Structure formats: structure tokens, C-alpha cells
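Peer 1: Got a sequence here, can you build the structure:
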Amino acid sequence: MIPIAGRTVLTAEAMRAAEAAVFASGLDPTALMRRAGEAVAQAVARLAGPREVLVLCGPGNNGGDGYVAAATLKHRGIAVRVAASDEPRSDGARWARSLWDGPVELLATARPAPVLVDALFGIGLSRALDPVVQAALARLAGEAWLAIAVDMPSGVASDDGAIGGEVPRFDVTLALGAVKPSHLLQPAAGRMGQVRLLDIGVPVEGTTHVLDRPTLPEPDARSHKYSRGMVAVVAGSMSGASELAATAALRAGAGYVLHLSAGASAVVHPHAIVRRDYAPEALDEQRIGAIVIGPGLGRDGDASARLAAALGSGRPLVVDGDALRLIDAEALGQHIGPKILTPHGGEFSHLFGDGSGTKPDRTRRAAERTGAVVVHKGADTVIAAPDGRTILCPEANSWLSTAGTGDVLAGAVGAMLAAGLDPFEAAAAGVWLHAEAARRCGAAFIADDLADALSAVRG
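Peer 2: Numbering: from 1, shown residues only. Here you go, the predicted model:
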């Protein structure tokens, strides 16, 4: 079982194409099914220990994987039973069924077991499960000590995070060959539990990956405050938001943070932030590595003028919050410097419309349209570059749903951009730092705690 960080993500169509390429090279489809089923059995044996296992098999190839897994577990001496929703319908499933020499129970009346393995339906499902199947799966999963899904919990679409009907929450999902989008996209991701990858010998490649721990810029003996990166945060009517962004930039590793305020502020901490009154010419400073604009900016005429000055500076930009409500996609496309947009769902819809397709599809189109890296925030954050590279992020800490955490993210991303990372790498590094800080904060934290925790993450 392989952790999924950094791994390639494939849609159902792309996964089938990868399998077809293996078949074209001479591998028999049943050999691949045997590999998958045996890999599932090995994982289940490790997770289940001596407990009895109930494998649920559907009529297709996912069910075939289940029959192979059940036969392999039985051969290993593990107590295992099989229940089926229907007779096998694919050639592979019929072949796999022939390997199982025990009884096959009816799914609707099957007795529960301590360990449940759901191999009913895999990545090909595009509709809700039959109500009888839904009810049986919910009952058996609810009574299991450990519930394991093979490739995808039954009832979940593989590519867009959609759920058909009621789908129980599993403890572990075993991704076969490659991670699929719905392992990371909501609401489906909330049903997966821990996702682990099983290598079934199918080479996979693509431009979409799971967020991984980044290689962060580190100071050395030659470093100074400007070489570590100078971040200018353009403030507006709500100084607290821009102060959070400035603090986060420092805590994430920036060497110099300049807070350009809209007027007098009572905030004086941390003292390491350099505070000056805003003036357009302040953005002409050649050593500025990134401008963060949007947190607390406001939406009046002064805010629009500050945004225009930032866009005209040619400096690398992180555009967040109010700035995303003031600008249009065409204006962003005219900015000649590197830029990163960090919209939440509402800001994304305001800027780009609701559109069609999956969240990764919409985010990629937005990045191509604007020439910017787009961080489409949420419980299932998606990062996309104009060239199509995409990162899907694991489920976020739900305690991030508090005011100011987006400002912290903007500051962290700004620090990475100012340190010299390219915009796609900077966005990924900032998102990873933000998520790790949230994990360390635990529960009921506030944005100030989150910003401060960035130092510990860098430590």
C-alpha cells in the first residue's frame, strides 16, 4: 500500500487507456485482474489481521477483482465469505468467479463481518446504486469494524466527486493502479477514509498529481533579507486581513515584508513587519519579489486604484479576496508578470462563471484564460497552471472554516513566490504549508494561530 502524495491522478477514461496499452503489449486481461485481486488481498490481510472478511462482488470487473481477492485470502487461511449483488456479466468477472470455490451469499441478506470489502462497482459507475444495494451496503458497512473499498466506494463517480444516493464512509480505499479524481474531490473524498495506492503493473503518466511535500527554499550562509524574498502587502479598509497576510509571509520564510497601509492602524505586532503608508510609487521598489493584494482591500475607488497600480507594476502578484471581485479575467490576462489567483468557490464563480465540467476542468480553463496559476480553494483545493499542470489536494482541515485563514494562505503563497519559486511551485508550496500548519493547530484555532504555526512547519 503506497501513500498517494505526489502520485499521478487519472480519470476513468485515462485509466482504461493505460490498461489498454498494457493489453496491446500482450498482457491478458485476466492476468491484470489477478494482479489487482491479489494486491487487494495482500492489503486486506495486512489490515484485517485474524478477523473474518466479507467481500462484496458486483457483476463487472470490480467484482472480478473481489472474487480473486476472496480466493487469495481463503488460500492464505483467512476466514472469508463472499456476497454478490448479481451474477458476473463480463468475461473477466466470470473467469474470476470460477476461482472462488465457496458459497456466494445474496447481498440483501448477507450477514455482516468484522471486515467488509466493497468490490461491487468500480470506476465505471455513472448512476446511483439500486436502493436495495444501497441499503445492504450501508447496513454491512455500518456493522463492520473496518470497511475497505476497492478502487472506489460503490455509488461514487470516479471523475467529479459526485455521489449517487447514500454512500457509507469507508475507513480505507484501495486505489488500483492510479489515484482517481474523486479520491480527492468533494463530496466523494469525504467517503474514502485513508486512500492508498496499489501497484498493479500498469504504467501511468499524466499532468495531474496529488499535492506532495514541497522542496522549500532554505537560507544559507550567503542569504540576506532580500535574497530570501521581499513581499509587499497592499492593505485596504480592513487592516486586520492584510496584517494576517503580512504575518503569514514572514512566518512562511520571507526575509522582508512591507505592509503598505491605507491609513493609521493600531496593529503594531509583529514588529518585524515594515509598515508604511500606501503610495503607488512604493510598488516600484525593484527588490519586491511578490505583491499580495486583496486581503481586506475593500471594493471602493481607492481599492480599484491600488489594484490597477499593482497590475501595472509588472511585479509577481498574488491576487486574493476583494481584488478578485474588482478585476476581470481579461485584465488579468494583460498583466505581464507571474501571477497567482487564490479564489474560494464564490470568488471563482464571480470571476469565471459556474461553467461546466469538473472542478479540475474549470480550474484549468481559468488558468489558461488568465495566464495565471489558479488556486481554487475549498475542502478539495485544486491548483492549475496555464500549461495544464494540475494538483489535487487532500481533504482540508474543517477548522479552516474561520475568518482570515484565506489571508494566511495568500501571505504564505506570496512568501514562496518572492523566494523565487515559479508560480505553480509557489502555489503548491504555500498550500502545503497552510495545510500542515492547520494540522498542527488541531481544533478551534483562529487565523492568528495558523499564521504563527507556519514558523513551526518551516522548522
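Peer 1: Report the residue spans of the stretch 1-150 of the chain with pLDDT below the cut-off.
Peer 2: Applying pLDDT under 70 to the stretch 1-150 of the chain flags residues 126.
Peer 1: swap the cut-off to 90 and go again
Peer 2: 1, 122-129 (pLDDT under 90).
Peer 1: now the helices for it?
Peer 2: For the stretch 1-150 of the chain, the helices defined by DSSP state H, counting those that start in this stretch cover 12-24, 29-48, 61-75, 91-99, 131-143.
Peer 1: and those helices, which is most packed in?
Peer 2: Among those, helix 61-75 has the highest mean neighbour count (mean count of other C-beta atoms under 10 Å), at a mean of 27. Backbone N, C-alpha and C define where each C-beta goes, glycine included.
Peer 1: quick one, it and helix 12-24 angle?
Peer 2: Helix 61-75 runs at 60 degrees relative to helix 12-24, counting by axes from the mean of the first three to the mean of the last three C-alpha atoms, to 10 degrees.
Peer 1: Check which helices and strands helix 61-75 sits against.
Peer 2: For helix 61-75, the packing partners by 3 or more C-beta pairs under 8 Å, 6 or more residues apart in numbering; DSSP states H and E come out as helix 29-48, strand 53-57, strand 80-84, helix 91-99, strand 115-119, strand 146-150.
Peer 1: mind saving the C-alpha coords of the longest one as PDB?
Peer 2: What that stands for is helix 29-48. Extracted as PDB, the C-alpha positions of helix 29-48 are listed here (Å, rounded to 0.1, in the frame of the first residue of the first chain):
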ATOM      1  CA  PRO A  29      -6.800  -9.000 -19.200                       C
ATOM      2  CA  THR A  30      -7.300 -11.900 -16.700                       C
ATOM      3  CA  ALA A  31      -3.600 -11.600 -15.700                       C
ATOM      4  CA  LEU A  32      -4.200  -7.900 -14.800                       C
ATOM      5  CA  MET A  33      -7.400  -8.900 -12.900                       C
ATOM      6  CA  ARG A  34      -5.300 -11.500 -11.000                       C
ATOM      7  CA  ARG A  35      -2.700  -8.900 -10.100                       C
ATOM      8  CA  ALA A  36      -5.300  -6.400  -8.900                       C
ATOM      9  CA  GLY A  37      -7.200  -9.000  -6.800                       C
ATOM     10  CA  GLU A  38      -4.000 -10.400  -5.300                       C
ATOM     11  CA  ALA A  39      -2.900  -6.900  -4.400                       C
ATOM     12  CA  VAL A  40      -6.200  -6.200  -2.700                       C
ATOM     13  CA  ALA A  41      -6.000  -9.500  -0.800                       C
ATOM     14  CA  GLN A  42      -2.500  -8.600   0.400                       C
ATOM     15  CA  ALA A  43      -3.600  -5.200   1.600                       C
ATOM     16  CA  VAL A  44      -6.800  -6.600   3.300                       C
ATOM     17  CA  ALA A  45      -4.700  -9.300   5.000                       C
ATOM     18  CA  ARG A  46      -2.400  -6.700   6.500                       C
ATOM     19  CA  LEU A  47      -5.300  -4.500   7.600                       C
ATOM     20  CA  ALA A  48      -7.700  -7.200   8.900                       C
END
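Peer 1: Outline the domain layout of this protein.
Peer 2: Listed by automatic domain parsing, the domain ranges of the chain are 2-203, 230-458.
Peer 1: if we can go back for a sec, tell me which of the helices of the stretch 1-150 of the chain lies nearest to A385.
Peer 2: helix 12-24 (18.6 Å; C-beta to C-beta).
Peer 1: how far off helix 29-48 does that closest one point, in degrees?
Peer 2: Going by the same axes, to 10 degrees, helix 12-24 makes 120 degrees with helix 29-48.
Peer 1: So H271 belongs to a strand, correct?
Peer 2: No - secondary structure of H271 (DSSP: H, G, I helix; E, B strand; the rest coil): coil, not part of a strand.
Peer 1: Quick test: name the residue nearest the centre of this structure.
Peer 2: Residue closest to the mean C-alpha point of the chain, counted by C-alpha atoms, centre = their mean, is C393 at 1.6 Å.
Peer 1: Settle this for me: it is touching H434, isn't it.
Peer 2: No - with contact defined as C-beta atoms under 8 Å, C393 does not count as touching H434 (9.8 Å).
Peer 1: pretty sure G420 contacts G229?
Peer 2: Yes - in this structure, G420 is within contact of G229 by C-beta under 8 Å, at 7.0 Å.
Peer 1: Read off the pLDDT value for D328.
Peer 2: Per-residue pLDDT puts D328 at 87.
Peer 1: my bad, should have said G355
Peer 2: Per-residue confidence for G355 comes out at a pLDDT of 85.
Peer 1: give me every residue that touches it.
Peer 2: R362, R365 (C-beta atoms under 8 Å, 6 or more residues apart in numbering).
Peer 1: and if you look at A451?
Peer 2: Applying C-beta under 8 Å, 6+ apart, the residues near A451 are L244, T247, A248, R251, V408, G411, A437.
Peer 1: on that earlier part again, tell me, what's touching G420 and G229 both at once?
Peer 2: P217, G289.
Peer 1: out of those two, which sits in the more crowded spot?
Peer 2: Comparing G420 with G229 by other C-beta atoms under 10 Å, the one with more neighbours is G229, at 27 against 15.
Peer 1: Which phi and psi values does the closest residue to that one other than its chain neighbours adopt?
Peer 2: Nearest-residue entry for G229: A418, 3.1 Å, with adjacent residues in sequence omitted and distances by C-beta to C-beta, 6 or more residues apart in numbering. A418 adopts backbone torsions of phi -70, psi -30, taken as degrees, to the nearest 10.
Peer 1: can you tell me which residues contact A418?
Peer 2: Taking C-beta under 8 Å, 6+ apart as the criterion, A418 is in contact with G229, M230, V231, A249, A254, I288, G289, A290, P316.
Peer 1: Appreciated, that's everything.
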